[in-house]
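Visitor: what would the 3D arrangement of this be:
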Amino acid sequence: MDHFIEIKVLPESLMDIEFHKGIISNLVNKSVDSFNIKLLKRSIDARKTPVLYQLKYEVLNLNEDSREAALIPGYKSVENSTLVHIIGAGPAGYFAALELISLGYKPVLFDRGKDVQSRRRDLRAIQQLGIVNPNSNYCFGEGGAGTYSDGKLYTRSTKRGDIIKTLGLLVEHGASEDILIDAHPHIGSNKLPQVVSNIRETILKYGGEVYFDSRLTDLNITGGKVKGFTINDTTEYSTQSLVLATGHSARDIFYLLKARGVRLEAKAFALGVRIEHPQSLIDGIQYKQSPRDENLPPSSYKLVCQVKNKGVFSFCMCPGGLIVPSSTAPGEIVVNGMSMSRRDSEYANSGTVVGIEPAELAEYQKYNELCALEFQKEVEQSLFDKGDGSQKAPGQRLTDFYNMKLSKSLPGTSYIPGAYSAPLHEWLPERIQKPLKEAIKVFGQKMKGYYTEEAMIVATESRTSSPVRIPRDKLNFMHPEVEALFPCGEGAGYAGGIISAAMDGQAVAKAVSEYYKLIRIVK
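Guide: Alright, predicted model coming up:
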């Protein structure tokens, strides 16, 4: 039997599988006892009332089973196989390692940060004490930036790789099977650390190696080829190939590459603020019901508009989430959003950012390919300098920001270090502040109730993506001027989020395999 059926049900009927099967029975004109069903996709249709779940089922014969074979059992030991060195143990680095094991190569990973459990202490220090560890924080450490900033798995990069395989590997390492069916899958920052830890155990089990507190500090590039690298200024390694998956916030890597003559490119990115509302308010807008039906998840939104040919958009929306401090060095203010698996915070927050093109940064052109990075850094540092020297963030009621006046008081916030009233309409650069103000007006028209004094903006949301690209060949994924150097993931400018970074890691691993085959032929 080959049937794919879509049905819609009320939230209270979501878990009533027999009810779903009865609906499908009428649609396919078969007895409920003559077939099985498998849920393939689940999404919410909130365009009209009542809010409905939209479900896509596969209809199977009684003796059919559409389950995919497990991926991990196909792995074999690579302990004595050819080495591939990887810098960075985020999703790009870890999924590159898994792919290399499946291809018969031994991955050896180095990460500047700590393992996922030890990293928690440094997150607590920045949250409660304002102490920033430049090598272990919300951006750096095992699992990368996504581990402790929500674990959202949605991507539009459907042509980048095999999304089902990528999600399947996450499930095999402990994620809920719900991520295979939800339209906007999400693991949660309380559950993702264990998934990441399980991935590391798989890498080690099959012969790979993983080293923490191991920062890349130098590269040996000789005759147009990467020949080796140095960790922590002390230990030198020779290499046949180097996968560079260091994440979008590793500024020292960009400076190192420039110093070693590796060509870089300035890249468009986005910068702005976090906007936080009460979750109940967003639920009322989106679901048109208050309180929210207990069978519905906290609602989200996605907003975008053009302001004088400049894009302004919501980014990394966290329903039932928290705002967290994401600075990677002392002396800067950076915020991000995260949610636990239950998404049970009383707040909803979203990055709301303005697109920045390198060409418009005329006053930063002296930095050449690092012009966007320097602009990003200056904004983060200038807002820190205006504060009290802690990780407290400047905040402003949304209505006051629009009306360009200082807030006399601030609403409650999920941001643990706390927020203080600040004139962000003056502190943010004009190229950010003006488009944001106009976009807020548009967003308030699109979502009635969005524009409210109950909402607060918190600065600075600046690590949306890398402001630098490390160029690579479209076919072999290698830097066009440095043989055996494979830029990878968000830090190289080729991904944006957990899944796209993971798939990029898989693609780069395949490219490394092809490179090894080629050099064997040449030899």
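Visitor: helices of this protein, start to end?
Guide: Applying DSSP state H to the chain gives helices spanning 17-28, 91-103, 119-128, 163-172, 192-205, 251-259, 279-287, 371-385, 398-403, 424-427, 430-446, 489-492, 498-522.
Visitor: name the residues of the first one that are buried.
Guide: Spelled out, it's helix 17-28. Within helix 17-28, the residues that count as buried by 16 or more other Cβ atoms under 10 Å are 20-21, 23-25. C-betas here are computed from N, CA, C, even on glycine.
Visitor: between those residues, which is nearest residue 4?
Guide: Distance to residue 4 across the buried residues of helix 17-28 (Cβ to Cβ) is lowest for residue 24, with 10.6 Å.
Visitor: which pLDDT value belongs to that closest one?
Guide: If you check residue 24, the pLDDT there is 96.
Visitor: roughly how far does it sit from residue 31?
Guide: 11 Å (Cβ to Cβ, to the nearest Å).
Visitor: what do you get for residue 37?
Guide: Taking Cβ to Cβ, one finds residue 37 at 13 Å from residue 31.
Visitor: of those two, which one has the most company?
Guide: Legend: neighbour count by other Cβ atoms under 10 Å for residue 37 and residue 31, higher for residue 37 (18 against 8).
Visitor: give me the mean pLDDT for stretch 142-161.
Guide: Mean predicted confidence for stretch 142-161 is 74.
Visitor: now do the contacts for the nearest residue to residue 24 once chain neighbours are set aside.
Guide: In this structure, residue 24 finds its nearest non-sequential neighbour in residue 5, 5.2 Å apart by Cβ to Cβ, 6 or more residues apart in numbering. With contact taken as Cβ atoms under 8 Å, 6 or more residues apart in numbering, residue 5 is in contact with 24, 27-28, 56-57, 59.
Visitor: tell me which of those residues is nearest to residue 300?
Guide: Distance ranking of these against residue 300, using Cβ to Cβ, places residue 56 first at 20.2 Å.
Visitor: check the closest one and give its pLDDT.
Guide: With respect to pLDDT, residue 56 scores 97.
Visitor: change the start of the numbering to 15 and stick with it
Guide: Understood, numbering begins at 15; the last thing we discussed is residue 70.
Visitor: out of everything not next to it in sequence, what's closest to it?
Guide: Leaving aside its chain neighbours, residue 70 sits nearest to residue 55 (4.0 Å; criterion: Cβ to Cβ, 6+ apart).
Visitor: right, and the one you found touches residue 72 too?
Guide: No: counting by Cβ atoms under 8 Å, residue 55 stays clear of residue 72, with 9.9 Å between them.
Visitor: and this structure, what are its domain boundaries?
Guide: As recorded under automatic domain parsing, the domains making up the chain are 17-75, 88-278+484-536, 280-475.
Visitor: so how far is the first one off the chain centroid?
Guide: With Cα atoms, centre = their mean, to the nearest Å as the basis, domain 17-75 stands 31 Å off its chain's centre.
Visitor: next one: the second one
Guide: The offset between the C-alpha centroid of domain 88-278+484-536 and the centroid of the whole chain comes to 13 Å, using Cα atoms, centre = their mean.
Visitor: picking up where we left off before, which of the buried residues of helix 31-42 lies closest to residue 263?
Guide: residue 34 (44.5 Å).
Visitor: what separates the closest one from residue 198, distance-wise?
Guide: 21 Å.
Visitor: next one: residue 350
Guide: Distance, residue 350 to residue 198, by Cβ to Cβ: 18 Å.
Visitor: give me the more crowded residue out of these two.
Guide: Using other Cβ under 10 Å as the criterion, residue 350 and residue 198 rank with residue 350 on top: 25 against 16.
Visitor: name whatever forms a beta bridge with that one.
Guide: residue 338 (DSSP bridges).
Visitor: let me see the contact set for it.
Guide: Per Cβ under 8 Å, 6+ apart, neighbours of residue 350: 152, 159, 163, 288, 330, 337-338, 340, 365, 475, 477.
Visitor: end-to-end on stretch 90-102?
Guide: 23 Å (Cα to Cα, to the nearest Å).
Visitor: in it, what's buried?
Guide: In stretch 90-102, counting by 16+ other Cβ under 10 Å, buried: 92, 95, 97-102.
Visitor: give me the contacts around it.
Guide: Stretch 90-102 is contacted from outside by 107, 110-111, 114-115, 118-125, 158, 220-222, 230, 243, 251, 253-261, 264, 502-503, 505, 523, 526, 530, using Cβ under 8 Å, 6+ apart.
Visitor: list buried residues within the residues you listed.
Guide: Among the contacts of stretch 90-102, those scoring as buried are 107, 110-111, 114-115, 119-125, 158, 220-222, 230, 243, 253-261, 264, 502-503, 505, 523, 526, 530 (criterion: 16+ other Cβ under 10 Å).
Visitor: got the confidence number for residue 533?
Guide: At residue 533, the model reports a pLDDT of 83.
Visitor: flag the least confident of the contacts of residue 350.
Guide: Lowest pLDDT within those is found at residue 163 (72).
Visitor: for that one, give me its contacts.
Guide: Contacts were defined as Cβ under 8 Å, 6+ apart; by that measure residue 163 touches 152, 203, 330, 338, 340, 350-352.
Visitor: where does the stretch 215-364 of the chain dip in pLDDT?
Guide: Low-confidence segments of the stretch 215-364 of the chain, defined by pLDDT under 70: none present.
Visitor: how does it look with 90?
Guide: Across the stretch 215-364 of the chain, the ranges flagged by pLDDT under 90 are 304, 323, 355.
Visitor: and the strands in it?
Guide: 223-225, 230-236, 239-245, 249-252, 256-258, 279-280, 283-292, 318-321, 324-332, 336-339, 349-352, 361-370 (DSSP state E, counting those that start in this stretch).
Visitor: could I get the ones you listed as a markdown table with distance to residue 408?
Guide: Converted to a markdown table, these look like this (distance: least, Cβ to Cβ, whole Å):
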| stretch | distance to residue 408 |
| --- | --- |
| strand 223-225 | 38 |
| strand 230-236 | 33 |
| strand 239-245 | 37 |
| strand 249-252 | 41 |
| strand 256-258 | 34 |
| strand 279-280 | 27 |
| strand 283-292 | 9 |
| strand 318-321 | 22 |
| strand 324-332 | 19 |
| strand 336-339 | 12 |
| strand 349-352 | 10 |
| strand 361-370 | 15 |
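Visitor: sweet, I'm off.
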